[in-house]
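Chemist: coordinates only, sequence not included:
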């Protein structure tokens with residue numbers, strides 16, 4: 001990591017765990033000067049080490065607490081590339097992440113739904129309906145320990 005020191009790492013870890021806090025709170029909790037904390041955060045944003053600030057949602061309260069990981073085998077053809085397929089999948093409502101991976105499967109998708117019927121519709125009708133999808137293998141998440 002270029003130009004990243006231990007203080008930057010502490011700030012990044014703090015922000016990852018607690019989200020965007022007031023600079024004075026971050027500085028107090030980490031035992032550093034407020035001005036130093038503000039300058040470091042500004043530098044991390046400017047050099048794009050911090051890409052964006054976001055929120056952590058309570059999916060249970062939102063009613064979309066069914067979480068699954070869907071592994072997809074890509075079938076090479078002339079209709080679509082693996083990257084194009086991944087891009088199409090990423091546009092499905094509830095799809096949070098799409099990764100092109102190595103190993104037995106080619107694409108990994110993290111998807112949330114209100115219930116199993118909705119999840120099934122997303123996998124069976126939408127994902128499996130795209131050209132290039134040879135097969136899918138879905139894993140339901142019972143409990144998330146760390147995200």
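Modeler: Looks like it arrived, so ask away. Treat the numbers as computed from the prediction; the structure is a model and nothing was measured.
Chemist: The residue lying farthest from the centre of the chain and residue 11, how far apart?
Modeler: Among the C-alpha atoms of the chain, the one farthest from their average position, using Cα atoms, centre = their mean, is that of residue 33, at 31.9 Å. When Cβ to Cβ, to the nearest Å is applied, the distance between residue 33 and residue 11 equals 12 Å. Any C-beta I mention is one placed from the backbone N, CA and C, and that applies to glycine too.
Chemist: do residue 131 as well
Modeler: Using Cβ to Cβ, one gets 45 Å for the distance from residue 131 to residue 11.
Chemist: and what of residue 118?
Modeler: When distance is defined by Cβ to Cβ, residue 118 is 39 Å away from residue 11.
Chemist: Which one's more surrounded, the two?
Modeler: The residue with the greater number of neighbours, taking residue 118 and residue 11 and applying other Cβ atoms under 10 Å, is residue 11; the counts read 23 against 16.
Chemist: where does the more buried one land in three-state SS?
Modeler: When the structure is split into helix, strand and coil by DSSP: H, G, I helix; E, B strand; the rest coil, residue 11 lands in helix.
Chemist: ok, now residue 111?
Modeler: Residue 111 - assigned by three-state DSSP - is strand.
Chemist: for it, what are its contacts?
Modeler: Under the criterion of Cβ atoms under 8 Å, 6 or more residues apart in numbering, the contact list for residue 111 reads 67, 68, 69, 70, 92, 94, 95, 96, 119, 122, 123.
Chemist: Toward the C-terminus, what is the element adjacent to whichever strand or helix holds the second one?
Modeler: Here residue 68 sits within strand 66-74, counting by DSSP states H and E. Proceeding N to C from strand 66-74, the next assigned helix or strand is helix 82-90, under DSSP H and E.
Chemist: and whichever helix or strand comes after that next one, how far out from the chain's middle?
Modeler: Tracing the chain C-terminally past helix 82-90 and defining elements by DSSP H and E, one meets strand 95-100 next. Strand 95-100 has its C-alpha centroid displaced from the chain centroid by 7 Å (Cα atoms, centre = their mean, to the nearest Å).
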